[in-house]
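Trainee: how would this look folded up:
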Amino acid sequence: MAEEKPKRLCAFQPSDPNAPKHVGLTKQHVFGDWMNNLFGRDQRHRAKFTNYRQDASPVRIGGYKKSAIRPGTITTMQLRVVCSDCNNGWMRALEEKARPTVEKLVRGEAVVLDAQAQLAVAAWATQVSIISEYYSEEGQIVSQDQRDQFRLTGVPSSGWTVWIGYYLGGSYRHFATQSRTWDRVAPIPNSTDTEKGDVSLSVYVLGHLFCHVFYRSHQRTLLAPPTLPGLIRIWPIATPIAVWPVLPKISDPLIGGLMQSFRRFTSNSFYPERE
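Mentor: Below you'll find the predicted structure:
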């Protein structure tokens, strides 16, 4: 008799070892199935999702670049990493709360975002970033405790930062990329000590919406990633009322330059030397 394979667990399973596990995985549209109402489901296209990783060790182990190429656009891409309870429950509710504002941002309509709207869009972008990590088989930056906290509250923790901007170009209208680094060393303010942690940098471009998501597991450092002018920080909320779009608008050359900055930020040469 063949040995029964263990059931795969949901990405948002409770971190409590005594809690019931979330099993029976379903396919999840990374950006939300409703996004296809804006972009269609043309299977003649090929979507490319690129995931970068660097190991920030004193002796460089090396990095990798992995791309998933599938029929359709990035909005049709799905991953089987969450259970039906999460997919059809709190995740759907989170997406529906963000959907009216996100759709306006994608279409390039002028939007005034109050604090609730900013949180809704930031939570949606955080969910996309967490799920996107599963394109890679190299493990996840965001810990189980962090995912559990996000499932229970629907609010990004203090380790997350989210910006949005107005994209006005042609080459990146359906674009997603994520760069991750384990053991990123950063200086602690007002101290000679350093702190080691993991970081993730993501950029999603959907129509006119440019979304930049940054996560760090560091607790005591003020690690700041490369960004672009013309971005509004919606998490942590910088202003109770945000008017979008702002100038300057995001162009193709600006995005290309930002991708290069990402490589430097997550490369081994960026870290202080260790004895």
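
Trainee: what about the helices in this protein?
Mentor: For the chain, helices defined by DSSP state H occupy the ranges 36-39, 84-88, 90-107, 115-132, 144-153, 252-265.

Trainee: Report the rounded mean pLDDT for stretch 231-247.
Mentor: For stretch 231-247, the mean per-residue pLDDT is 93.

Trainee: Report the buried residues of that stretch.
Mentor: Within stretch 231-247, the residues scored as buried using 16 or more other CB atoms under 10 Å are 231-235, 237, 242, 244-245. Just so you know, the C-beta spots here come from the backbone N, C-alpha and C atoms, and that holds for glycine as well.

Trainee: before we move on, what about stretch 158-168?
Mentor: Quick answer for stretch 158-168 (16+ other CB under 10 Å): 159-167.

Trainee: then that stretch to CSV, C-alphas only?
Mentor: Backbone C-alpha positions of stretch 158-168 (Å, rounded to 0.1, in the frame of the first residue of the first chain) are rendered in CSV as follows:
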residue,chain,number,x,y,z
SER,A,158,5.5,47.7,11.8
GLY,A,159,7.9,45.9,9.5
TRP,A,160,6.0,46.8,6.4
THR,A,161,6.1,49.9,4.3
VAL,A,162,3.9,50.5,1.2
TRP,A,163,4.1,53.3,-1.4
ILE,A,164,2.0,54.0,-4.5
GLY,A,165,2.6,56.2,-7.5
TYR,A,166,1.1,57.0,-10.9
TYR,A,167,2.7,55.0,-13.8
LEU,A,168,2.8,56.7,-17.2
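
Trainee: Return the distance of it from the chain's centre.
Mentor: 10 Å (CA atoms, centre = their mean, to the nearest Å).

Trainee: what does that stretch contact?
Mentor: Identification of contacts with stretch 158-168 by CB atoms under 8 Å, 6 or more residues apart in numbering yields 105, 108, 121-122, 125-126, 146, 156, 173, 205, 207-218, 225, 227-228, 230-236, 244-246, 249-251, 255.

Trainee: ditto for stretch 242-261
Mentor: Stretch 242-261 is contacted from outside by 105, 108, 110-113, 118, 164-172, 175, 177, 203, 205, 208, 210, 226-232, 234, using CB under 8 Å, 6+ apart.

Trainee: In strands, which of those residues appear?
Mentor: 111-113, 164-166, 175, 177, 203, 205, 210, 232, 234 (DSSP state E).

Trainee: Mind telling me the two of those residues farthest from one another?
Mentor: 112 and 177 (29.1 Å; CB to CB).

Trainee: more crowded one of these two?
Mentor: residue 177 (21 against 10; other CB atoms under 10 Å).

Trainee: Let me know the distance separating that one from residue 237.
Mentor: Residue 177 sits 25 Å away from residue 237, taking CB to CB, to the nearest Å as the criterion.

Trainee: Then residue 131?
Mentor: Residue 131 is 23 Å from residue 237, by CB to CB.

Trainee: Only alpha carbons, please: show stretch 107-118 as PDB.
Mentor: Extracted C-alpha coordinates of stretch 107-118, given in PDB (Å, rounded to 0.1, in the frame of the first residue of the first chain):
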ATOM      1  CA  ARG A 107      -7.500  53.000 -14.400                       C
ATOM      2  CA  GLY A 108      -5.600  56.200 -13.600                       C
ATOM      3  CA  GLU A 109      -8.500  58.100 -12.100                       C
ATOM      4  CA  ALA A 110      -7.900  60.900  -9.600                       C
ATOM      5  CA  VAL A 111      -8.500  59.600  -6.100                       C
ATOM      6  CA  VAL A 112      -8.500  61.100  -2.600                       C
ATOM      7  CA  LEU A 113      -7.500  58.400  -0.100                       C
ATOM      8  CA  ASP A 114      -8.500  58.800   3.500                       C
ATOM      9  CA  ALA A 115      -6.900  56.700   6.200                       C
ATOM     10  CA  GLN A 116      -9.300  53.800   5.700                       C
ATOM     11  CA  ALA A 117      -8.700  53.700   2.000                       C
ATOM     12  CA  GLN A 118      -4.900  53.800   2.500                       C
END
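
Trainee: What are the buried residues along that stretch?
Mentor: 108, 111, 113, 117-118.

Trainee: Of those, which is the nearest to residue 15?
Mentor: For the buried residues of stretch 107-118, the nearest to residue 15 is residue 118 (27.4 Å; CB to CB).
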